[in-house]
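# Need coordinates for the following:
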Amino acid sequence: MKQGLFEILENIPLTESVYKMTLRGDVSGITAPGQFVNILLDGLYLRRPISVCDVKEDTLTIIYKVVGKGTQQMSEMTKGKLDILTGLGNGYDLSPAGEHPVLLGGGVGVPPMYLLAKRLLEQGKHVSVILGFNTASEVFYEAEFKALGADVTVTTVDGSYGIKGFVTDALKDMQYTYFYTCGPEPMLKAVYKASVTSGQMSFEKRMGCGFGACMGCSCKTITGYKRICKEGPVLYKEEILWEN
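Numbering: from 1, shown residues only. Next up, the predicted model:
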């Protein structure tokens, strides 16, 4: 974990409620796709955890949805610097991917799939990506994934764009060697049940500290409780114990 000041270079809307922010700073603490950062905001006690979408030599890209006071404050920023903790969480393990991994992202679970796809493609993998949204107006980053060289499928619950239904509706007709996913828990459960291979799932939990001190984001696994912010957010399919 590293702490540093990051300069805001860009902060633009991708949809009505989803924003992309690009920042410049020390990104050396970010070592794996699937990690997240924790952002300190003026007047707010708790930092805001946001997944890493992309990282380059000295720039960090995050994509976030406006859902409360903190993210609303972020959406109004056009310049300045942010105090950010980087390199949080374990990130995805690329080694079991096989030759044809499939990546499933739902809503704000889409951003971490981008850096993951990038890294897998750099290894020469044939990468398929399934992006799930509620409706056409919520779709973002389809073109960016295609520009990387991934095979991209989009699903919308109402059928207004792409395949009608959920990410699992696209998954059932696909051949793949391994899966990676991030999204809301009902989606993760559905992928867990529908998948025919092993895989890794990134969980979303409310966090207090973001680095394992408060135990507030613990979840039960076959080997005991794990902190989503520290031993997670990525868990292997085989270790997950669903609460209900």
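# got any ranges where this protein has weak pLDDT?
For the chain, applying pLDDT under 70 flags the ranges 205-218, 220, 223, 226-232, 244.
# Okay, domains of it per the record?
In terms of domains, the chain is parsed into 2-88, 101-239 (source: automatic domain parsing).
# Next, the buried residues of the longest helix anywhere in the chain.
Determined from DSSP state H, the single longest helix within the chain is helix 111-122. Residues of helix 111-122 classed as buried by neighbour count (16 or more other CB atoms under 10 Å): Pro111, Pro112, Met113, Tyr114, Leu115, Leu116, Ala117, Lys118, Arg119, Leu120. Backbone N, C-alpha and C define where each C-beta goes, glycine included.
# Give me the helices and strands touching that helix, please.
When contacts are defined as 3 or more CB pairs under 8 Å, 6 or more residues apart in numbering; DSSP states H and E, helix 111-122 sits against strand 48-55, strand 101-106, strand 128-133, helix 142-148, strand 178-182.
# Which of those sits closest to Glu76?
strand 48-55 (13.9 Å; CB to CB).
# so the closest one versus helix 111-122, what angle?
Angle of strand 48-55 versus helix 111-122, following axes from the mean of the first three to the mean of the last three CA atoms, to 10 degrees, is 30 degrees.
# what's strand 48-55 packed up against?
Using 3+ CB pairs under 8 Å, 6+ apart, strand 48-55 is in contact with strand 36-40, strand 59-65, helix 69-75, helix 111-122.
# Pick out the residue closest to the middle of this protein.
Geometric centre of the chain, nearest residue: Pro112, 3.2 Å, by CA atoms, centre = their mean.
# who's in contact with that residue?
The contact partners of Pro112, by CB atoms under 8 Å, 6 or more residues apart in numbering, come to Pro33, Gly34, Phe36, Ser51, Val52, Cys53, Tyr92, Gly105, Cys182, Ser202.
# doesn't Ile62 make contact with the fourth one?
So the one you mean is Ser51. Yes - with contact defined as CB atoms under 8 Å, Ser51 reaches Ile62; the gap is 7.1 Å.
# Note down every partner strand of the longest strand belonging to the chain and its orientation.
Longest strand of the chain, by residue count under DSSP state E: strand 2-13. If you go by DSSP bridges, strand 2-13 pairs up with strand 18-24 (antiparallel), strand 81-88 (antiparallel).
# could those strands go into JSON lines alongside distance to Ile222 and mean neighbour count?
As requested, these are exported to JSON lines (distance: least, CB to CB, whole Å; neighbours: other CB atoms under 10 Å):
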{"stretch": "strand 18-24", "distance to Ile222": "35", "mean neighbour count": "20"}
{"stretch": "strand 81-88", "distance to Ile222": "24", "mean neighbour count": "20"}
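# Export those strands to a markdown table and append columns for distance to Leu131.
Below are these laid out as a markdown table (distance: least, CB to CB, whole Å):
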| stretch | distance to Leu131 |
| --- | --- |
| strand 18-24 | 12 |
| strand 81-88 | 24 |
